[in-house]
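> Need a 3D model of the following:
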Amino acid sequence: MVDFSKAIEELNYYKGSEKKKTLIYDHKRYLVKFPDPVREKNKKISYINNAFSEYVGSNIFSLVGFKTQNTLLGTYYYKEKEKIVCACEDFTDDNNALYEFESLALSANPDKKIETELEDIMEVIESITELTKMNITVTNNIKEKFWNMFIVDSLIGNTDRHNGNWGLLVNKKNERAEFAPIYDCGSCLNPMLEDKEIEKLTEVEIKNLAINCCSCIKENGKKINYMIYIKSLNNKDCNNAIERIFTKIDLVAIKNFIDSITCMSTIRKEFYQRLISLRYEILKDTYKIINDKKGE
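Model prediction:
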């Protein structure tokens, strides 16, 4: 693993609640995320495993075929202690600017600050074509990309895909905009659980964690439970995304990738693989139902 203690440090300008540094490594700029302090009441732990969540979640998106922010696991010596960190390469530069969805929403309707209500998100996505008034061409289907992202987020159990961690990458030179590489997956795969807690989980408890996982996206004011929502088949855009994405999910490749992470405990590897496998089976059953209905 890379020792980021030797990297060049710059003033940090990245947003977010996690502890982070801006470092230059191998001539590239990285946002480096550190294990976080306790943010849950009554939990006597000194950090969470967000570095592993970020790294694994990001790479699963990549394995499914998404353009994804490059991530590296490494170490950093902080206050004389070695920390495992996740370095996230900055994919912006002088020609390519990231416009997060919350900024796009304000541009689309300055009078309305939207939260994560699905209806509002869809309304803004439909209005993104207004970028053409600014001489910017949107180069791919933003709604499709959103729902594709939703399906993979359901697989990894991302509980915090809010309006500030996805968006469009705008090339200022050719005035074209496309769905930005996936970034900020640190809230997937139950990062608050330590190995000793995982070890005590029963199979029933693991199944509950896999199934009862909610997105921060809401419908009618209530957070969407990924698996219940997907199984309901009530949203055609979501159903179409399952058709597009399911066959690209390679469980063996995901398992092999997780197994290759040398600094992760066997307990955590098996936990991640079990959660993903349980959710995969639900996606598989839903995919079959959708295709069976088409054949009727």
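> Measure how far the host helix or strand of F257 is from the centre of its chain, please.
Here F257 sits within helix 251-259, counting by DSSP states H and E. Remark: helix 251-259 is offset 18 Å from the chain centroid, using C-alpha atoms, centre = their mean, to the nearest Å.
> May I see the buried residues of that helix?
By neighbour count on 16 or more other C-beta atoms under 10 Å, the buried set for helix 251-259 is I254, K255, F257, I258. (Each C-beta comes from the backbone N, C-alpha and C, glycine too.)
> Check which helices and strands that helix is in contact with.
Packing contacts for helix 251-259, counted by 3 or more C-beta pairs under 8 Å, 6 or more residues apart in numbering; DSSP states H and E, involve helix 50-64, helix 266-295.
> at 10 Å instead, please
Under the contact criterion of 3 or more C-beta pairs under 10 Å, 6 or more residues apart in numbering; DSSP states H and E, helix 251-259 touches helix 50-64, helix 142-156, helix 266-295.
> okay, those helices in JSON lines with mean neighbour count and distance to K19 next?
Output for the helices and strands packed on helix 251-259, formatted as JSON lines (neighbours: other C-beta atoms under 10 Å; distance: least, C-beta to C-beta, whole Å):
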{"stretch": "helix 50-64", "mean neighbour count": "24", "distance to K19": "9"}
{"stretch": "helix 142-156", "mean neighbour count": "22", "distance to K19": "22"}
{"stretch": "helix 266-295", "mean neighbour count": "16", "distance to K19": "21"}
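> Need these in a markdown table (columns: mean pLDDT and distance to L11).
What follows is the helices and strands packed on helix 251-259, written out as a markdown table (pLDDT from 0 to 100; distance: least, C-beta to C-beta, whole Å):
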| stretch | mean pLDDT | distance to L11 |
| --- | --- | --- |
| helix 50-64 | 97 | 22 |
| helix 142-156 | 97 | 31 |
| helix 266-295 | 96 | 33 |
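> got TSV for the ones you listed, with distance to F179 too?
Formatted as TSV, these follow (distance: least, C-beta to C-beta, whole Å):
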stretch	distance to F179
helix 50-64	12
helix 142-156	4
helix 266-295	21
